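Participant: here is the input, now give the coordinates:
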Amino acid sequence: MPRHLPPLRVDPQLHERVWGGQRFEAPGKTIGEVWIVWEGDRVVGGPYARRTLGELAAELGPALVGTARHQSTFPLLIKLLDTREWLSIQVHPDDADAVALEGAGYVGKTEAWHVLDAEPGAQLIAGLRPGADRQALAGALGANTILDLVAYRSVRAGDTIYIPAGTIHALGPGLLIYEVQQSSDITYRVFDWNRPPSAGRPLHLTQTLAVANPAAEVSVLPAPGGPGPAHDELVASSYFVLERLAASTGWSVELDTGGASFHALTVVEGRADVVVGDVREELARFETMLVPAATGAYRVESPGAFQALLSRLP
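Facilitator: Numbers count the residues shown, from 1 in each chain. Predicted structure coming up:
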């Protein structure tokens, strides 16, 4: 097993969605999701070119993933989402419910959103209104009145929202979102805004009642303030930690994986360089560099104003 690994640039996967927008250039397509870090993404260039993160996690183990999580699969899925319309109202299971409903080997889906851009008046749904219980949820599902029960929340750029498994939720139109989540694609659809039903977009009302937590509490956390360069923790959970690096002028910051976890660094404004020894990799907006756990110390430099998001294991 290698003691040190170079930073890895990965090729993101674009996914069309019925609710997708036009922020990501793909002529004639409505790209809703860009999977920027995922076990199926392939490395671009270097000694591991064309290998997937899943393959490398199985081969390299803690050298890639880190000692914080003892597993041979890549544990996180990170996306950019561009919403032109409402996403379906949905809910995800926790780990135990995922196994009970889907079978051995499945994991749940806890996630967090960071708002990169929001049109005036943009909203999302996160949780149910105060006082709602399982009986009220069952009644709303049976009468198709779930919109009377959900909690709408106004958001703006810089807000962060943590969505534990079991929380009923949906993103609204006019949003550009960075999402970090467990590496799971289990989605139970509650309501699809009366779009024509199709085999690819069924409703999952029985599963919803089995996994939903009507009392789930969700907060919209505003962006940290204060002048000068900043390295802020936005979310810390048992599945992932989300941090923000930001500066209004040129900045250089020293970081270290410590062998505990990979660092997934995505530039969301401006540009920055990732420097490991004599290796320098430039990142433009929306580009991502995966720094393996075995890399250890590295540096992020920016010649001007920039903002980046860093996801890692706790």
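Participant: wasn't residue 235 part of a strand?
Facilitator: Yes - applying DSSP: H, G, I helix; E, B strand; the rest coil, one finds residue 235 inside a strand.
Participant: check contacts around the nearest residue to residue 9 once chain neighbours are set aside.
Facilitator: With C-beta to C-beta, 6 or more residues apart in numbering as the criterion, residue 9 has its nearest non-adjacent residue at 4.6 Å, and that residue is residue 44. C-beta: built from backbone N, CA, C; applies to glycine. By C-beta atoms under 8 Å, 6 or more residues apart in numbering, residue 44 lies in contact with 9-11.
Participant: cool, residue 228 as well?
Facilitator: Residue 228 is in contact with 247-248, counting by C-beta under 8 Å, 6+ apart.
Participant: any figure for the gap between it and residue 10?
Facilitator: For residue 228, the distance to residue 10 under the criterion C-beta to C-beta, to the nearest Å works out to 31 Å.
Participant: and residue 108, by the same measure?
Facilitator: 24 Å.
Participant: switch the contacts of residue 44 over to a markdown table; also include neighbour count and secondary structure.
Facilitator: Listed next are the contacts of residue 44 as a markdown table, based on neighbours: other C-beta atoms under 10 Å; DSSP: H, G, I helix; E, B strand; the rest coil:
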| residue | neighbour count | secondary structure |
| --- | --- | --- |
| 9 | 17 | strand |
| 10 | 22 | strand |
| 11 | 14 | strand |
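Participant: these two touch, right, residue 230 and residue 246?
Facilitator: Yes - counting by C-beta atoms under 8 Å, residue 230 sits close enough to residue 246 to count as a contact (5.0 Å).
Participant: so residue 48 is in which element?
Facilitator: Secondary structure from DSSP states H and E places residue 48 outside every helix and strand.
Participant: so what's it closest to, chain neighbours aside?
Facilitator: In space, residue 48 comes closest to residue 56 once its chain neighbours are excluded; the distance is 6.0 Å by C-beta to C-beta, 6+ apart.
Participant: quick one, what contacts that neighbour?
Facilitator: The neighbourhood of residue 56, defined by C-beta under 8 Å, 6+ apart, consists of 8, 43, 48, 64, 74.
Participant: so which of those wins on neighbours?
Facilitator: residue 8 (28 neighbours; other C-beta atoms under 10 Å).
Participant: quick one: it and residue 83, what's the gap?
Facilitator: Going from residue 8 to residue 83 by C-beta to C-beta gives 29 Å.
Participant: poorly predicted segments of the stretch 151-300 of the chain, please.
Facilitator: Judged against pLDDT under 70, the low-scoring parts of the stretch 151-300 of the chain cover residues 199, 226-227.
Participant: identify the farthest-apart pair in the contacts of residue 56.
Facilitator: Taking C-beta to C-beta as the measure, the contacts of residue 56 span a maximum distance of 13.2 Å, between 48 and 74.
Participant: in strands only, show me the contacts of residue 56.
Facilitator: Taking DSSP state E as the definition of strands, these contribute 8, 43.
Participant: tabulate the contacts of residue 56 (JSON lines), appending pLDDT.
Facilitator: Below are these laid out as JSON lines (pLDDT from 0 to 100):
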{"residue": "8", "pLDDT": "97"}
{"residue": "43", "pLDDT": "97"}
{"residue": "48", "pLDDT": "96"}
{"residue": "64", "pLDDT": "95"}
{"residue": "74", "pLDDT": "95"}
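Participant: which single one of the contacts of residue 56 is nearest to residue 314?
Facilitator: Out of those, the one with the shortest distance to residue 314 is residue 74. That distance is 15.9 Å, counting by C-beta to C-beta.
Participant: OK, contacts around the closest one?
Facilitator: With contacts taken as C-beta under 8 Å, 6+ apart, residue 74 has the following neighbours: 38-39, 53-54, 56-57, 64-65, 183.
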